[in-house]
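**Q** structure for this input, please:
(chains A and B, ligands or ions: 1)
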Amino acid sequence: MEMPAPDARVMAKTARIVERLQSVLPADAVIHDPAETRAYECDALTAYRCPPLCAVLPASTEEVSAVMKICHEEGVPVVPRGSGTSLAGGALPTADCVILGVSRLTDVIETDYADRIIRVQTGRTNLSVTGAVEADGFFYAPDPSSQLACAIAGNIAMNSGGAHCLKYGVTTNNLMGVTMVQMDGTIVEIGGAHLDPSGLDLLGVICGSEGQLGVVTEATLRILPKPEGARPVLIGYDSNEVAGRVVSDIIKAGILPVAIEFMDRPCIEACEAFAKAGYPMCEALLIIEVEGSDAEIDHQLGLIKDIANRHDPVELREAADADEAARIWLGRKSAFGAMGQINDYMCLDGTIPVDQLPYVLRRIGEMSKEFGLEVANVFHAGDGNMHPLILYNANLPGQLELCEAFGAAILKLCVEVGGCLTGEHGVGIEKRDLMTDQYAEIDLEAQMRVKDVFDPSWLLNPAKVFPLASSAARRAAPAETGR
Amino acid sequence: MMNVSNEAELVEAIRTANGPLRIMGGGTRGATGAEGAPLSVAGLNEISLYEPGALTIVAAAGTPISTIETALDAGGQRLAFEPMDYRALLGTTGEPTLGGAVASGASGPRRIVVGAVRDFCLGVRFVDGSGNIIKNGGRVMKNVTGYDLVKLMAGSRGTLGVLTEVALKVLPKPETEATLILHGLDIASAVQAMSAALGSPFEVTGVAHFPYSAGDDPATMIRLEGFEQSVRYRTGALKDLLGHYGEISIVEGVPSTTGWTRTRDVDMFADTPGDVWRISVRPSEAPAIIAQMGDGVRVTLDWGGGLIWALAPEGTDLRAALGPINGHATLVRASAATFAAIPALPPEPAPLAAISEGLRSRFDPRGLFSPRKVDA
Ligand SMILES: Cc1cc2nc3c(=O)[nH]c(=O)nc-3n(C[C@H](O)[C@H](O)[C@H](O)COP(=O)(O)OP(=O)(O)OC[C@H]3O[C@@H](n4cnc5c(N)ncnc54)[C@H](O)[C@@H]3O)c2cc1C
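**A** Here you go, the predicted structure:
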C-alpha cells in the first residue's frame, strides 16, 4: 500500500511545530521522542507502520482547537486517533503528520433517561458508554466486537456496526449530535438532544467520514431501555444454500431477530478446536437471537424453529438458560481469536445482497484453491455483511501480497453481485485503491467536493479513503496556509 | 411544466436550463415561496427491485408512495418511517412520491423508535446542478464505502441535486397493533408518561399527545405493534406501568390505525385557519416551550414530546417569539406573504451556514435548485 512521501517542508520545521504545540498543551501531552511516537505507528492493520512527526493528547475541545489551528497554519497533516483498533489503516500516520489522540477525553457530560440520551467525550470506549447507564436499565446499541477497546470517536468516524445492528442499526442511526473541531480550529455544534436537522444533514455525512472532515470531541448518543431478556438458538445445516434460504424465510415471515450470525465449515472447525463450544460439524451454522419477555421469546423461537425444521437441520439447539446461551455464543465470539491461534489472518468486511450468499461462498471456495490460501467465513447474515478471514503466514515472503490480492478479489466479487467493499470497517488505506471498482470517478469527485468544503487545505487524514491518484491534485496544496 | 421520463432527459433539462428550476414529484408540498420553472420527475416511475428476503426495495424517484406501499403490502412489509401525507394539511392535491418523501426528510410517528427516512435510505442516484449523474451507497443494508451522501441528499429539499432513484430498507408489517389512550393529562404529565413508555422495555412504536381531542379531553396515545400475543402481553405490562397516570383505555384495529394516520398527517390542523409550525425539541423541554407560546396557539405533540406541531394565528413569527431553543422551528403552512416575511427554515449558526452554502455551491454552482446569489 503506497503512502505519499512526507512533505519535506513540514519535516524541515519539526522543531518549531513541536515547540508551538508545547506552547498550548501540557508537557506530557506532546509526544515527540521517536522511542515514544512508535506507540502510534499503526492501528489494528499492523502490516503497515510509520511513526508520526509527533502525537498530541489534548484534554478538552479548546485544546483540540488550539492544536488544529497551529497545524493549519503550519500546513501539517493531522491524523485523528481514537483507540487505534481500525482494521482498515484509518489511523495510520504519515511521517509528516501530527497524530491527534482523543484518549484523554473520556468524560460523561450528561445522562438523561427521560430524553434517552447520553452525551460523552469521544475518547470514551464504546463499552463504557453502556457501562455508564446499564445499572439504570439502559444500553448503547452499536456493539462492535472491539467494544472493550474502541472509542466512540472511531465508531463515529467509521460508522461502526455490531452483532445487533439488524434490529438497532449502526452508529449513524444512534448518533444525535456532535461537537466537532474543523481543520482551522473552528468549533461547531451539530445536532443535539432533539431529532433531525432543519437544514442539510451534516451529521449524516460526518458519521463515516473517517476523520477527514473534522475532529469529533463530544457526541450525543441515543440510549435504549434494555430488553427484558434475550435467547439464542443454534441451527446447523449440511449446505450453505439451505442455511441461506432459512435466513431469507425467517425474514420473509416477519420475524426480526436482533442477530443472525452465519459460520461456514472452516470457521466452525477452527472455533470448535479453539473454544470447544460443542458445535456440530456441518457446512453451515446459524446463531439466531431474539429478544423480549419469556413468552415473547418462546413465541418467536417457535416460529423460527418451525421454519428451520422445514429445511432438515442437522442440529437445532435452543439455550435453556444463560449458561447454554453463553456456550452458543462462545464459539462465534472467539472466531477471530481462534483464527489468530492457527495463523496470521486478514479480516475482510464486504457486504452482499443476502440472496447472493450461496454463490459468493462457492466462488470464495474456488478462489481459495486458486490462491492457495485457506479462508473461513463469519457473516452477519441478516444484513449481508461478510467477514471472510484469509489465513496466511506473514513470515513467508510474498504471502502478505498474495493474501491482499485474494482479499481484493473477494471484495470485487462483493461489488459484482450488487454489494459493497466495506460494511463496517471503513476504507482507510486498505480499500482505498479499490474504490474505483465500486464508484465511477464522478461519484468519487462528489465525495471529494464534500471534503473540499469541510477541509479546503486537505490536511485532515489526507491519504485515506480516495485512491491516491484521484486525490493527488487536491493534496498537492502548499505546506502553509498562512496566519 | 417540463416533464422528463428518464434520467437522460433530466440531465438534458438541467444542462440546458438557463434559470432556477422548481423540481416537483407529485406536487403535494405546495408553495413555500419557491420560484423557478416547474420540472416534474413524476415520469420516473418504476420499482426496479423488490427483495422481501433482503428487506430491500429500489424505485425511481417519481414512483408514487402508494405504488410502493401496495408492492410492499403484497410481501407483508412496509415503509417503517411512515411518510407523511401533506395533502390534507396543506390543502394540496397530487400524488406523494418517493423522491418527495426522501427529499423532504419528514418522518411520521414511528420515527421516534425506528429512525427517520434517512435511516432507511440505502442508496441514491441523483443529477447535480451541472448535469452529472452521481450515485452513492447501494442496495445493501450495511455500507460504509466512502462518504455517506445518501444521508446528505435525504432531507436536502432538492437543493443539492435531483434524486432519480432511491434504494430503501423496509421492515415486516406487524401482525397487529393496539393503542393505549391515557385520558386527561396536562402537557407536563403527558410528556412524563410518554418518556416512561419510551424508557420501558415494551417497544412502543408511537407516542403522541393531543391536549384538545374530542370534548376537549386531552388524550395521550401509545402504540404497540407486533405479534398478537406479544402485543397483548405488552399492553398489559404498559397499563400496569402507567396506571398511576389515571384512566387508560385501549383501542385496536381500525380505530387504532386511523388514529395514527391522523397523527402522522396532522389532521387536527387541516381545514383550520392559521399557520402551521413544526418544531423539533428535546422532549423534556417541550412543556416549557409550549408554555411560552401563548394562548392563541394550539399544539399537538408527537415523538414523545420531541415534535411539536403548532397552529398559530396567521403571520405570527413563532420562531422569534420562542427565541433560542434546543431544536428548531420550521414554518410549514402559511400564506405567500407570510413566507415572504418569515423564512420557512431557521437560519443556521454561521459556521454551519458556511458549510451548507459551500456544499450547495459545489453541487449546484448555477443556483438552479435554490435561488441565491451566485459568484461569477
Ligand atoms: C478485534 C477487532 C474486532 C472488531 N470488530 C468490529 C465490529 O464488530 N464492527 C465494526 O464496525 N468494527 C470492528 N472493528 C474495527 C474497529 O474497532 C472500529 O472501526 C472502531 O470504530 C475503531 O475505533 P477506534 O477508536 O479504535 O478508532 P481508530 O482506529 O483510532 O481510528 C479509526 C478512524 O477514526 C478516525 N478518528 C479517530 N478519532 C477521531 C475523532 N476524534 N474525530 C474524527 N475522526 C476520528 C481515525 O482517523 C481513523 O480514520 C474491530 C477491530 C478489531 C481489532
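
**Q** how about the contacts made by the spatially most central residue of chain B?
**A** Taking C-alpha atoms, centre = their mean as the criterion, residue B:106 is the residue nearest the geometric centre of chain B, at 1.4 Å. Going by C-beta atoms under 8 Å, 6 or more residues apart in numbering or on different chains, residue B:106 touches B:83-84, B:117, B:278. Backbone N, C-alpha and C define where each C-beta goes, glycine included.

**Q** mind checking which of those residues are in strands?
**A** residue B:278 (DSSP state E).

**Q** now the contacts of residue B:106 in a markdown table, with pLDDT?
**A** Shown next, in a markdown table, are the contacts of residue B:106 (pLDDT from 0 to 100):
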| residue | pLDDT |
| --- | --- |
| B:83 | 95 |
| B:84 | 93 |
| B:117 | 97 |
| B:278 | 97 |
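
**Q** residue ranges for the helices of chain B, please.
**A** In chain B, the segments counted as helices under DSSP state H are B:7-16, B:65-74, B:87-90, B:98-104, B:111-114, B:117-120, B:149-153, B:187-198, B:228-242, B:253-264, B:286-291, B:318-322, B:336-341, B:350-363.

**Q** looking at the ones you listed, which is nearest to chain A?
**A** helix B:149-153 (2.5 Å; C-beta to the nearest C-beta).

**Q** that closest one close to chain A?
**A** Yes: using C-beta under 8 Å from any C-beta of the partner chain, helix B:149-153 reaches chain A at B:149-152.

**Q** by neighbours, which of the residues you listed wins?
**A** Of all the residues of helix B:149-153 next to chain A, residue B:151 has the most neighbours under the rule other C-beta atoms under 10 Å in any protein chain shown, reaching 30 neighbours.

**Q** surely that residue touches residue A:205?
**A** Yes: counting by C-beta atoms under 8 Å, residue B:151 does reach residue A:205; the two are 6.0 Å apart.

**Q** how far away is the residue nearest to the centre of chain B from residue A:248?
**A** Shown here: residue B:106 relative to residue A:248, a distance of 32 Å by C-beta to C-beta, to the nearest Å.

**Q** center of chain A, which residue is that?
**A** Note: chain A centre (C-alpha atoms, centre = their mean) maps to residue A:425, 3.3 Å.

**Q** where does that one land on pLDDT?
**A** Looking at residue A:425, its pLDDT reads 96.

**Q** give me the number of neighbouring residues for the closest residue to it other than its chain neighbours.
**A** Closest residue to residue A:425 apart from its sequence neighbours, by C-beta to C-beta, 6 or more residues apart in numbering or on different chains: residue A:349 at 4.1 Å. Residues within reach of residue A:349, counting by other C-beta under 10 Å, total 26.

**Q** for residue A:349, list the residues it contacts.
**A** A:87, A:385-387, A:422-425.

**Q** ok, residue B:284 next?
**A** Contacts of residue B:284 by C-beta under 8 Å, 6+ apart are A:112, A:114-115, B:191, B:195, B:305.

**Q** try residue A:268
**A** By C-beta under 8 Å, 6+ apart, the residues touching residue A:268 are A:279-282, A:285, A:331.

**Q** tell me which residues in the strand or helix carrying it are buried?
**A** Using DSSP states H and E, residue A:268 maps to helix A:265-275. For helix A:265-275, burial by neighbour count (16 or more other C-beta atoms under 10 Å in any protein chain shown) applies to A:265-272, A:274-275.

**Q** in space, what's closest to residue B:267 - neighbours in sequence excluded?
**A** Nearest non-adjacent residue to residue B:267, counting by C-beta to C-beta, 6+ apart: residue B:88, 6.0 Å away.

**Q** low-confidence ranges in the stretch 1-150 of chain B?
**A** Applying pLDDT under 70 to the stretch 1-150 of chain B flags residues B:29-34.

**Q** pick out the residue of it closest to the ligand.
**A** The nearest approach of the stretch 1-150 of chain B to the ligand comes at residue B:144, 7.9 Å away (C-beta to the nearest ligand atom).

**Q** what number of residues lie near that residue?
**A** Neighbours around residue B:144, by other C-beta under 10 Å: 32.

**Q** okay, the nearest residue to residue B:103 once chain neighbours are set aside: pLDDT?
**A** Closest residue to residue B:103 apart from its sequence neighbours, by C-beta to C-beta, 6+ apart: residue B:158 at 5.0 Å. Confidence at residue B:158, expressed as pLDDT, is 91.

**Q** I'd guessed residue B:67 sits against residue B:50; true?
**A** No: if you go by C-beta under 8 Å, residue B:67 and residue B:50 don't touch, sitting 11.1 Å apart.

**Q** by neighbours, which of the contacts of residue B:284 wins?
**A** Counting neighbours by other C-beta under 10 Å, residue B:305 leads the contacts of residue B:284 with 31 neighbours.

**Q** next, the closest residue to residue A:97 other than its chain neighbours: phi, psi?
**A** Spatial nearest neighbour of residue A:97, chain neighbours left out: residue A:77 (4.2 Å); criterion: C-beta to C-beta, 6+ apart. Dihedral pair for residue A:77: phi -60, psi 140, per degrees, to the nearest 10.

**Q** do the same with residue A:379
**A** Dihedral angles (degrees, to the nearest 10) for residue A:379: phi -150, psi 130.

**Q** how close does it sit to residue B:52?
**A** To residue B:52, residue A:379 is 20 Å away according to C-beta to C-beta.

**Q** which residues sit in contact with the residue of the stretch 251-400 of chain A found nearest the ligand?
**A** Nearest residue of the stretch 251-400 of chain A to the ligand, counting by C-beta to the nearest ligand atom: residue A:336, 5.3 Å away. Taking C-beta under 8 Å, 6+ apart, we find residue A:336 in contact with A:145, A:345, A:347, A:389.

**Q** I appreciate the help and will end here.
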